[in-house]
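*Asks:* For reference, the sequence and a predicted model appear below.
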Amino acid sequence: MKNKNNRKKEYYIHQIVRDNQTEQIESNGKPTVVTNVKNVPSYAENVGYHLDPKRYDSLRTHKPKKEIVEEVIEDVVEPVIVNNPEDDYYSAMADEYIEYGDDETIINDVIGEDEIEEPVIEEVVVETKEPVAPKEVVKPSIPSQPVQKSKVVRKKKYIAPSLDLLNRGTETSDKDVKLAEEQKAKINEILEKYGIKAHVAKYIFGPTVIMYLIELESLSEDVKSIRKIEDNLAMYLACSNIRILTPIPNMKYAGIEIPKPKDSRSIVYLRDLISTKEFINSKYALPVAVGMNSFGEKIYADIGDMPHGLCAGETKSGKSVCLNTIILSLIYHYSADDVRIMLLDPKTVEFSKYSDIPHLAMPVIIDKEYFEPAVIWLTDEMERRYKKLNKYGAVELSELNEELVSQGLPKEPYIVMIMDEFNDWFMDASSTVDDCITKLMQKARAAGIHIILATQRPSADVIKGAIKANIPTRLAFKVSSFADSSVILGQSAAEKLEGKGDMILRYPGKGDIRLQGALVTNKEIKNVVEYLRENYEVDYIVTLEELQQSSASRGAGNGSVDPSLGRNDELFIEVCYFVVRNQNASVNQLQKIFSTSFNRMDNMFRDMQVLGIVSGTQQGTKRKVLVTELELEEILNNL
């Protein structure tokens, strides 16, 4: 039958009565009970109702049914559900036909279109020559919400934290010009009094100091003569410390730096440094914001060129704040795929606030038991990368990453290890750690691994010759004595700083730069860390459990010191029994008793420490024997 839209619609019946005889049709199209069925069409069939479509298969030409192929895509696609506006029309028509009948034909259980099991697909025009087989019919139950496919897990693109999480600095327009003019006049008067033919050409306001540029009036005048009156200048200008530069690098002037009064000093905020185009579009491998120099210029450094740094200064001098600015600079400029950070904090309070951020290579190390495994792991990682560099014919990490990206492989991230109070870590460390640190400082740059060491005790017994020789970049904060300044910079300068971020940066290829370090508060750090934790999951390269498991078994396959050399020594068992029986754990004494070299005996003691036979070395104390003879025998039997 056809409706107003000239579309044919068929209705099916489950039960037909012909001459008081019943033919029951099941849903599978097969009659179960047939009694005296005549081949006379019923009234229901005459008006458009039919039996199961299979009855007419012999009369209709079938077209191959098109299979609906769902494309598998990455994004979640919501199925489109089209409501047929003719449903209400056909339902009303079905109700109308149920009212018709005669004495010979009774129509029961008429199924309308809303009860027909059809697949939910997009609207198509149904042709009369293409019947729908019942086996392929699906219930048309329309869900209240579209059925969704399982979500495809994608790696979230990294979006740096908003700059609004950091404090903004305010421009200081009220520069103390009156004070500068008074000091300028006094400097000219002192120069003239001591017979130095020079004068103040101009002055420049910096964040912490006022720089006075001294111009010599005669070529015969010695610029070093200005240094001779340094104490006189400090006395007449009523300053605790002044700094004289003779000359200023790349300028035709000598310089006199005079600290500004504390109430007129400017604060340099990190946001003002990392929001500039110079930092955002930097071509440095690992750019970090350091601070602002005496000329008001923003200073940036490249960790890739350092390649390692030494940060030293007394308490409250700004050392820890400087380390925080380095960490946040890396977070704002790079994702965790580009840079990973290792943080080692013996005080447990400086770096623990960075826990569970995606940029960490491993959890923050605060226990000494994980220190040695972490350093050995980093050494092994360096050796692994060198093998990869050799495989791809690259000479540094940037070239290796270009080759990996061209082949569709993941990049190797830079690794920056920041170690606060490194003298505490090294105090009771074994010779293995010293060897690994030395190897890292000498070779790690090409592998994309960089080290920044920090200490508040810049004395000669802490900063040894090997560290000074392999770390060319220095960040010197205020120290208490000339001797400490000489250890850091090799000259007098750091003891004249004002503290609270006032620092001297010695950078490869550049002279010493005095600058005011950038300030970042704990509240700002907390805001950034909370943003990272809420939006990104942490994915460590190595966990603490993995470090602990490998601490005793990590070998020399990647170039690290093998802790099993000592236990393979033919004298190892004999030495162990001697140590336990005599309660003597002195390497020097036992090397003389057994007539061995110091290194050979030290290797055996290192393995005894790993096995728990003796304690570790501590400054000023001897090793202790930790087991009895029976316990030693059990340990040796298990080897």
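*Replies:* Here it is on my side, so go on.
*Asks:* okay, CA-based contacts and neighbour counts for the rest of this
*Replies:* Will do.
*Asks:* what about Thr379, neighbour count?
*Replies:* For Thr379, the neighbour count with other CA atoms under 10 Å is 26.
*Asks:* Output the below-cut-off pLDDT ranges for the stretch 251-400 of the chain.
*Replies:* Counting by pLDDT under 70, the stretch 251-400 of the chain contains no low-confidence segment.
*Asks:* Please enumerate the strands of it.
*Replies:* 254-259, 287-293, 298-302, 309-312, 339-344 (DSSP state E, counting those that start in this stretch).
*Asks:* Show the contacting residues for the nearest residue in space to Leu216 that is not next to it in sequence.
*Replies:* Closest residue in space to Leu216, ignoring its immediate chain neighbours: Ala198 at 4.3 Å, by CA to CA, 6 or more residues apart in numbering. With CA atoms under 8 Å, 6 or more residues apart in numbering as the criterion, the residues that contact Ala198 are 188, 191-192, 214-218.
*Asks:* Let's see that with 10 Å instead.
*Replies:* For Ala198, the contact set (CA atoms under 10 Å, 6 or more residues apart in numbering) comprises 187-188, 191-192, 214-218, 221, 223, 226, 254.
*Asks:* how about the strands of the stretch 251-400 of the chain, which one is nearest Leu165?
*Replies:* Leu165 sits nearest to strand 287-293 of all the strands of the stretch 251-400 of the chain, at 16.7 Å, using CA to CA.
*Asks:* and that closest one with strand 298-302, angle?
*Replies:* 150 degrees (axes from the mean of the first three to the mean of the last three CA atoms, to 10 degrees).
*Asks:* For strand 287-293, which strands pair with it and how are they oriented?
*Replies:* Strand 287-293 has the following strand partners under DSSP bridges: strand 298-302 (antiparallel), strand 512-517 (antiparallel).
*Asks:* And the first one, what's buried?
*Replies:* Meaning strand 298-302. 298-302 (16 or more other CA atoms under 10 Å).
*Asks:* where in the protein is pLDDT low?
*Replies:* 1-155, 170-175, 550-565, 618-620.
*Asks:* what's the longest helix in it?
*Replies:* Ranked by residue count and defined by DSSP state H, the top helix of the chain is helix 371-392.
*Asks:* who does that helix touch, helix- and strand-wise?
*Replies:* On a contact count with 3 or more CA pairs under 10 Å, 6 or more residues apart in numbering; DSSP states H and E, helix 371-392 meets strand 339-344, helix 397-406, strand 414-419, helix 422-426, helix 431-443, strand 449-455, helix 544-550.
*Asks:* The spatially most central residue of the chain: what's it in contact with?
*Replies:* The centroid of the chain falls nearest to His359 when counting by CA atoms, centre = their mean (1.4 Å). Taking CA under 10 Å, 6+ apart, we find His359 in contact with 327, 330-331, 334-342, 415, 532, 536-540.
*Asks:* Now do the contacts for the nearest residue to Met292 once chain neighbours are set aside.
*Replies:* Leaving aside its sequence neighbours, Met292 sits nearest to Lys298 (CA to CA, 6+ apart; 4.5 Å). Applying CA under 10 Å, 6+ apart, we find Lys298 in contact with 268, 272-274, 276, 278-279, 289-292, 515-516, 518.
*Asks:* got TSV for those residues, with distance to Ile437 and neighbour count too?
*Replies:* TSV is the format used below for the contacts of Lys298 (distance: CA to CA, whole Å; neighbours: other CA atoms under 10 Å):
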residue	distance to Ile437	neighbour count
Val268	34	25
Asp272	35	18
Leu273	32	23
Ile274	31	22
Thr276	35	12
Glu278	33	12
Phe279	31	20
Ala289	26	25
Val290	25	28
Gly291	29	30
Met292	32	25
Leu515	30	26
Gln516	30	29
Ala518	29	26
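*Asks:* Could you measure from the residue lying closest to Ala160 once chain neighbours are set aside over to Ile280?
*Replies:* Leaving out its chain neighbours, the residue that sits closest to Ala160 by CA to CA, 6+ apart is Tyr332, at 5.3 Å. Per CA to CA, to the nearest Å, Tyr332 is found 9 Å from Ile280.
*Asks:* Show me which of those two is the more surrounded one.
*Replies:* Tyr332 (18 against 13).
*Asks:* check contacts around that one.
*Replies:* Tyr332 neighbours (CA under 10 Å, 6+ apart): 159-163, 274-275, 280, 288, 528.
*Asks:* Now the residue nearest to the centre of the chain: closest residue in space, sequence neighbours ignored.
*Replies:* Leaving aside its sequence neighbours, His359 sits nearest to Ala336 (CA to CA, 6+ apart; 4.5 Å).
*Asks:* before we move on, what about Leu166?
*Replies:* Leu166 sits nearest to Glu524 (CA to CA, 6+ apart), 5.4 Å away.
*Asks:* Provide the contact partners of the helix or strand containing the one you found at residue level.
*Replies:* Element membership of Glu524 [criterion: DSSP states H and E] is helix 522-535. The contact list for helix 522-535 (CA under 10 Å, 6+ apart) reads 156, 158-167, 321, 324-325, 327-328, 331-332, 350, 353-359, 538.
*Asks:* Can you point out the buried residues in it?
*Replies:* Result for helix 522-535 [16+ other CA under 10 Å]: buried residues 525, 528-529, 532.
*Asks:* export those residues to TSV and tack on distance to Glu570?
*Replies:* Shown next, in TSV, are the buried residues of helix 522-535 (distance: CA to CA, whole Å):
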residue	distance to Glu570
Ile525	55
Val528	56
Val529	54
Leu532	54
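*Asks:* So which of these is the closest to Met604?
*Replies:* Using CA to CA, those come closest to Met604 at Val529, 44.9 Å.
*Asks:* gap between the closest one and Ser162?
*Replies:* According to CA to CA, Val529 stands 12 Å off from Ser162.
*Asks:* How about Ile299?
*Replies:* Distance from Ile299 to Ser162, by CA to CA: 22 Å.
*Asks:* Which neighbouring elements make contact with the helix or strand hosting Glu634?
*Replies:* Assigned by DSSP H and E, Glu634 falls within helix 629-637. Applying 3+ CA pairs under 10 Å, 6+ apart, one finds that helix 629-637 contacts helix 572-582.
*Asks:* C-terminal to the helix it packs on, what's the next element?
*Replies:* Using DSSP H and E, the helix or strand that directly follows helix 572-582 along the chain is helix 587-593.
*Asks:* buried set for that next one?
*Replies:* 587, 590-591.
*Asks:* so Glu399 sits right up against Tyr392, yeah?
*Replies:* Yes: here Glu399 reaches Tyr392: they are 9.1 Å apart, a contact under CA atoms under 10 Å.
*Asks:* Could you chop this protein up by domain?
*Replies:* By the record's domain assignment, the chain is partitioned as 11-136, 177-258, 266-297+306-544, 564-637 (automatic domain parsing).
*Asks:* For Cys311, which of the strands paired with strand 287-293 is the nearest?
*Replies:* strand 512-517 (12.3 Å).
*Asks:* hmm, back to that, to Ile376, which of the helices and strands packed on helix 371-392 lies closest?
*Replies:* Short answer: helix 431-443, nearest of the helices and strands packed on helix 371-392 by CA to CA, at 6.5 Å.
*Asks:* Next, report how far the closest one is displaced from the centre of its chain.
*Replies:* 25 Å (CA atoms, centre = their mean, to the nearest Å).
*Asks:* Could you give me the buried positions within that helix?
*Replies:* Per 16+ other CA under 10 Å, helix 431-443 contains these buried residues: 432-433, 436-437, 439-443.
*Asks:* Just the residues contacting it, thanks.
*Replies:* In contact with helix 431-443 (CA under 10 Å, 6+ apart) are residues 307-309, 371-380, 382-383, 386, 425-426, 444, 447, 449-451, 466-467, 469-471, 559-563, 599, 602-603, 606.
*Asks:* Perfect, that will be all.
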